[in-house]
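In: Just the structure for this:
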Amino acid sequence: MGDTADCEIIEHHVEEEMEKEAARSRAASPRPGSVAAAEREGGTQSSHRLLAYSDALISIIATVMILPVAHTKMGHDEELRESLQLLLTTKIAVYLMTFLIVTVAWAAHIRLFQVIVRIDDCLALLNLACMMLITFLPYTFSLMASFPENVLGILLFCGCVMVIGVIQAVIVLYAFSRPFLLSEQIQISENRTFYKHHILKVIMRVPIMCFLASVFSFIFFQLSYALLAVVIFLPYISRSLKWCRSKAFGAAPESPDSAPFYSHLTDEPLSKERVEAFSDGVYAIVATLLILDICEDNVPDPAAVRERFGGSLTAALRAYGPEYLAYFGSFATVGLLWFVHHSLFLHVTRTTRLMGLLNTFSLAFVGGLPLAYQLTHAFPPDSRNELEAVQVSCVIIFFAGVFQLAIWVAALHGERESLHPHVRYGGREHAFMLAKLSLYPCVALGTFFLTCALSRFSAAIFHLMEMAVPLAFLLLRLLVRVGLALLRLLFCPGGPEPRGAGEGGEG
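Out: Numbering: from 1, shown residues only. You can find the predicted model right below:
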């Protein structure tokens, strides 16, 4: 039974890869007339490498914005609760907002290059200009986080986003002036002009909101931050307003083709490959930031080794024991959260906008794990600050995991279009996937409440949790089978065998 299921999954993924390869070939090979036109214009190329470069760069920029938060210095005699209030009202809030806005720009980039499938030198240079401005965003974020009431940081951030929007609009105008750069579906469409105007209208919404935010920064800067936050949910607000208008005044007449290639529908498909690539980049960069902190903070000064430890490097390194423990535990957490993400998207066949938004929230909290690493070893043992630092880390891990679980719930809602049959409700891998996705939220929540009851051992409990979870993953399939067997004995002793804890599939 297990071998059969394994073969079915392998066959499914082989077929899926063949379909993807065929789709890439179709996208990279326009019609004969288009090829001739491309050659006359100086030649074009596939956009795959440009998209890979853009995804890598944007994932790095989104992730390194945690550094001003993680490297906030707090004295041992300073109450963490007071410092945390300051962080939450300024740096952490601004980090989350700017991370999400950067991922909004990335999602717009995905959708734009679902329309534009080939590039030439001009488009590559325009995209490079866009990326240059995105790389400047962490600096504007640092200004906003350090001087939240100063309008200069907001103005620089909004200015960058507005220019990015203008460059994207130029990309659209340029691509539509050379139709052989567009997807074949739009090339053959009779409504190409409508698509161009619709895409420009959608792209310019974010720059307009940022322009309003920059104007209001001179009047009431809190409203500027509120307008920037609206940018994150602008597609959903737009859909809600459209629904309210249709209920109040009747449905508006349908536009040609209803703009299926560039809409705000929550079930609109996004490129699964680019979502995975961006997510892998964030996880890899977070893991790298952890070791950079070790290299920066945990290499002893030679003079201190001679004076304090009698020249013994071993004795000097021994003093950093808690930091090493926090590093290995944090790396294991990042790695296993990536493993859960990989397992989920292995069985996802289509990514929707809603799933992309939930993935963004999860990645935002994953980006906060360097802060968790810094906090868990920054304070003296058995202090109240250490307890609160551990609890903050539990909250970060909980939300990183619970948004992954929410992605799966969203996929289950449209399971026939979004999930492989083995993990649909009642499928052989359904219970196992549920257990895998629920493990970190449950363990983080349990650790939080356990540290409340046993505050004296908070650090030990947290590090034990970090080290025990990998073992739980190794035993998870066995634990699921035992749990389902016990439930079957308790509630339906004579019932049929459940299909939930799959015999085969990826473990």
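
In: Mind listing what's buried along stretch 91-111?
Out: Within stretch 91-111, the residues scored as buried using 16 or more other C-beta atoms under 10 Å are 91-92, 94-111. For the C-beta atoms, the positions are set from N, CA and C on the backbone; glycine is no exception.

In: then that stretch to PDB, C-alphas only?
Out: In PDB, the C-alpha atoms belonging to stretch 91-111 read as follows (Å, rounded to 0.1, in the frame of the first residue of the first chain):
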ATOM      1  CA  LYS A  91      10.500  49.300  15.300                       C
ATOM      2  CA  ILE A  92       8.500  46.100  15.300                       C
ATOM      3  CA  ALA A  93       5.400  47.700  14.000                       C
ATOM      4  CA  VAL A  94       7.300  49.600  11.300                       C
ATOM      5  CA  TYR A  95       9.200  46.400  10.400                       C
ATOM      6  CA  LEU A  96       6.000  44.400   9.900                       C
ATOM      7  CA  MET A  97       4.500  47.200   7.800                       C
ATOM      8  CA  THR A  98       7.500  47.700   5.600                       C
ATOM      9  CA  PHE A  99       8.100  44.000   5.200                       C
ATOM     10  CA  LEU A 100       4.500  43.600   4.000                       C
ATOM     11  CA  ILE A 101       4.700  46.600   1.700                       C
ATOM     12  CA  VAL A 102       7.900  45.200   0.100                       C
ATOM     13  CA  THR A 103       6.100  41.900  -0.400                       C
ATOM     14  CA  VAL A 104       3.200  43.800  -2.000                       C
ATOM     15  CA  ALA A 105       5.700  45.200  -4.500                       C
ATOM     16  CA  TRP A 106       7.100  41.700  -5.100                       C
ATOM     17  CA  ALA A 107       3.500  40.300  -5.600                       C
ATOM     18  CA  ALA A 108       2.900  43.100  -8.200                       C
ATOM     19  CA  HIS A 109       6.200  42.100  -9.900                       C
ATOM     20  CA  ILE A 110       4.900  38.500 -10.100                       C
ATOM     21  CA  ARG A 111       1.600  39.500 -11.600                       C
END
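
In: From the centre of the chain, point out the most distant residue.
Out: Going by C-alpha atoms, centre = their mean, the residue of the chain most distant from its centre is residue 310, 47.4 Å out.

In: Assign a three-state SS to that residue, would you?
Out: Following DSSP: H, G, I helix; E, B strand; the rest coil, residue 310 is assigned to coil.

In: Quick check on it: phi, psi?
Out: Dihedral angles phi and psi of residue 310 (degrees, to the nearest 10) take the values phi 60, psi 30.

In: Same check on residue 188?
Out: Residue 188 has phi and psi values of phi -90, psi 0 when expressed as degrees, to the nearest 10.

In: pLDDT at it, what is it?
Out: The model reports residue 188 with a pLDDT of 82.

In: now swap in residue 492 and tell me
Out: Note on residue 492: pLDDT of 69.

In: do the same with residue 122
Out: Confidence at residue 122, expressed as pLDDT, is 90.

In: what about the stretch 251-400 of the chain, any weak spots by pLDDT?
Out: Within the stretch 251-400 of the chain, the set of residues satisfying pLDDT under 70 comprises 251-268, 296-298, 321, 377-383.
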